[in-house]
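>>> can you look at this prediction? I've put the sequence above it.
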Amino acid sequence: MEKQIEQIKESALAAIHESKNLVELDSIRVKFLGKKSELASISKNMGKLSAEDRPRLGKINHDARVEIESALDKKKIELQSLELDQKLKTESIDVTLPGRRNIRGHLHPITLTLDRIKKIFLNMGYSIEEGPEIETDYFNFEALNLPKDHPARDMQDSFYITEEILMRTQTSPVQARTMQAHSNNEPIKMIAPGRVYRRDDYDASHSPMFTQVEGLVIDRGIRFSDLKGTLETFLKQTFGSKAKIRLRPSFFPFTEPSTEVDVSCVMCHGNGCSVCKGSGWLEILGAGMVHPHVLEMSGYDPKIVSGFAFGLGVERIAMLTYGIDDLRLFYDNDVRFLKQF
Ligand code: DAH
């Protein structure tokens, strides 16, 4: 029996020595030390031995087991570090590879243009006001001196939701809303940017939705020259210090007198080109002195205060700034277009 144990130990140590990986090592452990191993059955049969052989052979058996166990442990550590080394070799990371770029979004050209416009007016001390895009007929038209049967309503073909509610056709209703939020002829100096809606074709120069900025200044002694100076400052900051402005008499129901404002063509600087259709001028916005009736309807006294107002199209300014010839590019959301800004 002593010899048998010695042989088992030797073949176990040899197998451990030869084993190539942890899986194999584990099966060696089961084979030589498991419940069904030879050493286990020898232990079971110890009881059959004589009282004098039992302690001696028991000790030999136990020592063989301890020796095999410690060989297994040693080999296990050896194989583990070997496998780790191999893993590091085959799965190594090339830290010199350039990183993957994150795709970042950015602001839309209309937002960029709007931000520049807002900044110019904020610097002149204006506040920024907002109004709803779903508006009442009263604020969109009536409070702006356009009663129900007024022919000028035809200039703005509207999307009505009910007879009294519509998609606002202009940002001008924010004028009346802001005036009505004040009292005692308090001065107002505000712009109101936002989307407006009109039943219109969808082509290179028309869209049923577009963006406007409304302006309103009310105070004692506001004159037409204040309007002209303000718009000149705004247009020079937008199109450069060489930009000239030209005023042409016009009509808006909410201003009297009213004017159409042109800027010298930003492409040809007034010489005449295809953008300005040879005239040297570009029509850029509408403006005028707030009609006394409009002041009165929203609680201001035209004998005490006066004011000016203007309304401009943001898409038009963006098209001129960036040299864009088709309005639809702003709304199609084609990344090839958008990523240029
Ligand atoms: N609301 C006008 C439009 O959409 C633009 C406009 C013209 C606004 C003159 C004004 C103004 O405040 O005084 O056509």
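Structure's in. What do you need? What you are looking at is a predicted structure, and each value in this text was computed from that prediction instead of being measured.

>>> for residue 300, grab phi and psi.
For residue 300, the backbone dihedrals are phi -100, psi 150 (criterion: degrees, to the nearest 10).

>>> mind listing what it touches?
179, 185, 218, 307 (CB atoms under 8 Å, 6 or more residues apart in numbering). No exception for glycine: its C-beta is placed from N, CA and C like everyone else's.

>>> and whichever residue of the chain sits closest to the ligand, what element?
Distances between the chain and the ligand by CB to the nearest ligand atom are smallest at residue 311, namely 2.4 Å. Using DSSP states H and E, residue 311 sits in strand 306-313.

>>> quick one: mean pLDDT over that strand.
What strand 306-313 shows for mean pLDDT is 98.

>>> got the CA positions of that strand in CSV?
This file holds the C-alpha atoms of strand 306-313, laid out as CSV (Å, rounded to 0.1, in the frame of the first residue of the first chain):
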residue,chain,number,x,y,z
SER,A,306,-45.5,108.5,-29.1
GLY,A,307,-43.7,105.5,-30.4
PHE,A,308,-42.2,103.7,-33.3
ALA,A,309,-42.4,100.0,-34.4
PHE,A,310,-40.8,97.8,-37.0
GLY,A,311,-41.0,94.2,-38.2
LEU,A,312,-38.3,92.3,-40.0
GLY,A,313,-38.0,88.8,-41.5
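
>>> what does it contact?
Contact with strand 306-313 is made by 117, 170-172, 175, 188, 210-224, 226-227, 230-231, 254-255, 261, 284-290, 295, 300, as judged by CB under 8 Å, 6+ apart.

>>> and after it, which helix or strand comes next?
helix 314-322.

>>> which helices and strands does that following helix pack with?
helix 109-123, strand 209-219, helix 224-239, strand 281-290 (3 or more CB pairs under 8 Å, 6 or more residues apart in numbering; DSSP states H and E).

>>> hmm, back to that, export the contacts of residue 300 to CSV and tack on neighbour count and distance to the ligand?
Below are the contacts of residue 300 laid out as CSV (neighbours: other CB atoms under 10 Å; distance: CB to the nearest ligand atom, whole Å):
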residue, neighbour count, distance to the ligand
179, 24, 12
185, 18, 19
218, 24, 12
307, 26, 10
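
>>> among those residues, which one lies nearest to residue 72?
Nearest to residue 72 out of those is residue 179 (CB to CB; 91.7 Å).

>>> and the helix or strand where that closest one lies with strand 306-313, angle?
Element membership of residue 179 [criterion: DSSP H and E] is helix 173-180. Angle between the axes of helix 173-180 and strand 306-313 is 150 degrees (criterion: axes from the mean of the first three to the mean of the last three CA atoms, to 10 degrees).

>>> what's helix 173-180 in contact with?
Contacts for helix 173-180 (CB under 8 Å, 6+ apart): 129-131, 135, 139-140, 143-144, 188, 190, 192, 194, 214, 216, 218, 254, 290, 294-295, 297-300, 309.

>>> between it and strand 209-219, how many degrees?
Using the same axes, to 10 degrees: helix 173-180 against strand 209-219 is 30 degrees.

>>> buried residues, helix 173-180. List them.
173, 174, 175, 176, 177, 178, 179 (16 or more other CB atoms under 10 Å).

>>> now do stretch 251-263
Buried-residue list, stretch 251-263, by 16+ other CB under 10 Å: 252, 253, 254, 255, 258, 259, 260, 261, 262, 263.

>>> at the contact with the ligand, which residues of the stretch 101-250 of the chain appear?
Residues of the stretch 101-250 of the chain found near the ligand (CB under 6 Å from any ligand atom) are 170, 172, 214.

>>> poorly predicted segments of the stretch 51-200 of the chain, please.
Applying pLDDT under 70 to the stretch 51-200 of the chain flags no residue at all.
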